[in-house]
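Colleague: next come a sequence and a model predicted from it.
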Amino acid sequence: MRIPETHAPPGHHGPTALVVVNGDDVFEDLFTAAAELQAVLTDEGFATRTGTGMGRFEHAVRDDLIVLCTALGEFTTGQRRGLREAVRAGAGLLAFHATNVPASASADPDEADRLLTELIGSRYVSHGPRPHESRFGVFPDPAHELTAGLAPFTVTHEHYALAVEDHAKVVAWRGPLDTTYAMDTTDATGGTDRAHPPHRTAGAHPPHHSAVAHTARDADSPHHTAGPHTARDTHGTTHSAPPPLVPLVHVSEFGRGRVCYVQLGHDMRVWAEPPVRDLIRRAARWVNRLTVQGVAS
């Protein structure tokens, strides 16, 4: 079965996007993902077409944005090389959920899996400890242009534990709901510190440099507004060890192209969440070097 491809209408001068699904949809809702992504991207100004199968990457792909929603399936080494060349030449790549699940053993990946892991920036390792699904907090990095201004929010979704490549930067994390986090925004010299994930604060005392405190539970409050709730500055304080924080969204550069991986997308529930749709919109614009939330990429 093939989803009919829709091409850019005559006279359309905006960016083009190609949403590709591939693999087995027994455990992953690939076709709902394709439809929802096409809707979000079209609303954002991308002339978006959808299709199934990876044979297209055996030839030159000239779309501005390539979106992958896959669950294994046939994806040869040559096709993966073709995808890499498209991104290296400047296409943006947006990969969702099971796209980074390797076909070979994680301890001894084959060439095809190594090529894809390097490109996407991570590989699936496991579902982690039980429960393998929960309602959790999503904590965006306020210092990165993709996620700047995106407040913490909550979703119900499947868990992944990821092995993130050194060249990829995490810009959103999964964490427990009822925990207050401080998101580092400045380093010791006053510059932007983008290297560290959010960490848990102890009592009323945040870390020893500027931070903004958030709880994901705030996102469900009727009084919640976007942006930081408090900003505090203290010196020399100590704080407790952080609870588990797991990478959820990461970005990287590959040649002239940009890549963003989003771990969300297991089933139809997540697509109805407005913050998730906003995240997708931002990611699509970021990988295409378009303005994201008023920030020039």
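Modeller: Received, thanks. Residues are numbered from 1 along each chain as shown.
Colleague: just the mean pLDDT for stretch 79-91, thanks.
Modeller: Taken as a whole, stretch 79-91 has a mean pLDDT of 97.
Colleague: how far does that stretch sit from the chain's center?
Modeller: Taking CA atoms, centre = their mean, to the nearest Å, one finds the center of stretch 79-91 at 19 Å from the center of the full chain.
Colleague: got the contact list for it?
Modeller: 54-55, 57-61, 63-66, 93, 112, 115-116, 119, 254-257, 259 (CB atoms under 8 Å, 6 or more residues apart in numbering). Placement of C-beta: from N, CA and C, glycine included.
Colleague: does the spatially most central residue of the chain have beta-bridge partners, and which?
Modeller: Nearest residue to the geometric centre of the chain (CA atoms, centre = their mean): residue 262, 2.5 Å. Listed by DSSP bridges, the beta-bridge partners for residue 262 are residue 96, residue 249.
Colleague: quick one, what contacts it?
Modeller: 94-97, 248-249, 279-280, 283.
Colleague: so which helix or strand of the chain has the lowest pLDDT on average?
Modeller: strand 230-232 (a mean of 28; mean pLDDT, DSSP states H and E).
Colleague: mind checking which of the contacts of stretch 79-91 land in strands?
Modeller: Residues of the contacts of stretch 79-91 located in strands (DSSP state E): 65-66, 93, 254, 257, 259.
Colleague: can I get those residues in JSON lines with neighbour count and distance to residue 83?
Modeller: What follows is the ones in strands among the contacts of stretch 79-91, written out as JSON lines (neighbours: other CB atoms under 10 Å; distance: CB to CB, whole Å):
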{"residue": "65", "neighbour count": "25", "distance to residue 83": "13"}
{"residue": "66", "neighbour count": "24", "distance to residue 83": "7"}
{"residue": "93", "neighbour count": "24", "distance to residue 83": "8"}
{"residue": "254", "neighbour count": "19", "distance to residue 83": "10"}
{"residue": "257", "neighbour count": "23", "distance to residue 83": "10"}
{"residue": "259", "neighbour count": "23", "distance to residue 83": "11"}
